[in-house]
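A.B. asks: I'd like to go over a predicted model; first the sequence, then the structure.
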Amino acid sequence: MIKVENLHKSFGDVNVLKGIDTQFIRGKTNLVIGQSGSGKTVFLKCLLGLFEPTKGDIYFDDKTYRDFSVKQRRELRKQMGMVFQGGALFDSMTVEENIKFPLRMFTKQSQAEMQNRVEEVLDRVNLDGANQKFPAEISGGMQKRVSIARAIVNKPKFLFCDEPNSGLDPRTATVIDNLIQEITKENQITTIINTHDMNSVFEIGEKIIYLQDGILAWEGTKDEIHKTDNKAVTDFVYSSNLFRKVKIAQQKGY
Ligand SMILES: Nc1ncnc2c1ncn2[C@@H]1O[C@H](COP(=O)(O)OP(=O)(O)OP(=O)(O)O)[C@@H](O)[C@H]1O
């Protein structure tokens, strides 16, 4: 579980996050949505410990990050997995080497242990046998799977995904969403996903927070977002013609 209390982040006299309070639940896919520039990335970077909050607290399983020693922060970092926008795989490394990277960084596992774990996670993301391929030799969807395999190889308690669907066709995007949700449930991870993808919102939005100009303007579930009359949220969600038409059809009872 991650609890965020009165989180502020400023750069000089620019206030980007203006007092966010929320909780992210273990075993659920928690989504962060909002207009470009609303503060989603800054928020994620605060949770990851890349930015120190100007004010407020972030609790990881009831312990406040602010009080963590350098050693505790390093320990916490080991419990975090990250799926970067675009995958961010090392082009010069094979799939297997990419996945082994966090094991080499954070563990003292033997070659045999690392190999076993690589096979396990490759199997989990349905990429058995892709070990020796280079990122350039596999599709965008497969690259995202490798990125997920690398993010979970150290059995994280917290998984952060920054626009995991960007650049994927809708069908592949759904497969990736479902994979992230399944892995979240199987391993009871607290997963937080930054997204622009409305399909993801309606597909896997077990908890959604909507940021507007650095403020948490709405939070709820995928079912609640259908029904909300919060104008900012509906304008954002139904800015696509297709979703607006679906909403109108629902209202008319089709
Ligand atoms: N290191 C920084 N220094 C100063 N200002 C910053 C810094 N990082 C972000 N900002 C500002 O914070 C605001 C929010 O940026 P952020 O990247 O979090 O938005 P976002 O919601 O993730 O947008 P997008 O959806 O386009 O990625 C922007 O106005 C940005 O200029």
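C.D. replies: In hand now; what should we look at?

A.B. asks: domains of this structure?
C.D. replies: Per the record, the chain has its domains at 1-79+158-171+184-223, 90-155, by automatic domain parsing.

A.B. asks: how far does the last one stretch from start to finish?
C.D. replies: This means domain 90-155. 21 Å (CA to CA, to the nearest Å).

A.B. asks: all strands for this protein, in order.
C.D. replies: 2-11, 14-24, 29-34, 55-60, 63-64, 80-83, 158-162, 190-194, 207-212, 215-220 (DSSP state E).

A.B. asks: Save these as TSV, and put in distance to residue 139 too.
C.D. replies: All C-beta atoms are positioned from the backbone trio N, CA, C, and that covers glycine. Shown next, in TSV, are the strands of the chain (distance: least, CB to CB, whole Å):
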stretch	distance to residue 139
strand 2-11	32
strand 14-24	31
strand 29-34	23
strand 55-60	35
strand 63-64	41
strand 80-83	16
strand 158-162	19
strand 190-194	21
strand 207-212	29
strand 215-220	35
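
A.B. asks: lowest-confidence stretch among the ones you listed?
C.D. replies: Ranked by mean pLDDT, the strands of the chain bottom out at strand 63-64, which scores a mean of 86.

A.B. asks: now that one, how far from the centre of its chain.
C.D. replies: Averaging C-alpha positions (CA atoms, centre = their mean, to the nearest Å) puts strand 63-64 21 Å from its chain's average.

A.B. asks: ditto for stretch 4-21
C.D. replies: 20 Å.

A.B. asks: so how far does that stretch reach from one end to the other?
C.D. replies: 5 Å.

A.B. asks: And it, what's buried?
C.D. replies: For stretch 4-21, a neighbour-count test (16 or more other CB atoms under 10 Å) marks 4-5, 7-9, 16-18, 20 as buried.

A.B. asks: anything in that stretch near the ligand?
C.D. replies: Yes: using CB under 6 Å from any ligand atom, stretch 4-21 reaches the ligand at 11, 14, 16.

A.B. asks: Could you count how many residues lie near whichever residue of the stretch 51-200 of the chain sits closest to the ligand?
C.D. replies: Nearest residue of the stretch 51-200 of the chain to the ligand, counting by CB to the nearest ligand atom: residue 196, 6.4 Å away. The tally of other residues near residue 196 (other CB atoms under 10 Å) stands at 15.

A.B. asks: Also residue 217?
C.D. replies: Neighbourhood size, residue 217 [other CB under 10 Å]: 16.

A.B. asks: Then residue 202?
C.D. replies: Residue 202 has 16 nearby residues by other CB under 10 Å.

A.B. asks: Could you check how far it is from residue 163?
C.D. replies: Distance of residue 202 to residue 163, computed by CB to CB, to the nearest Å: 17 Å.

A.B. asks: before we move on, the earlier item: out of the buried residues of stretch 4-21, which two sit at the greatest distance?
C.D. replies: 5 and 16 (17.1 Å; CB to CB).

A.B. asks: any idea how far the ligand is from residue 48?
C.D. replies: Per CB to the nearest ligand atom, to the nearest Å, residue 48 is found 13 Å from the ligand.
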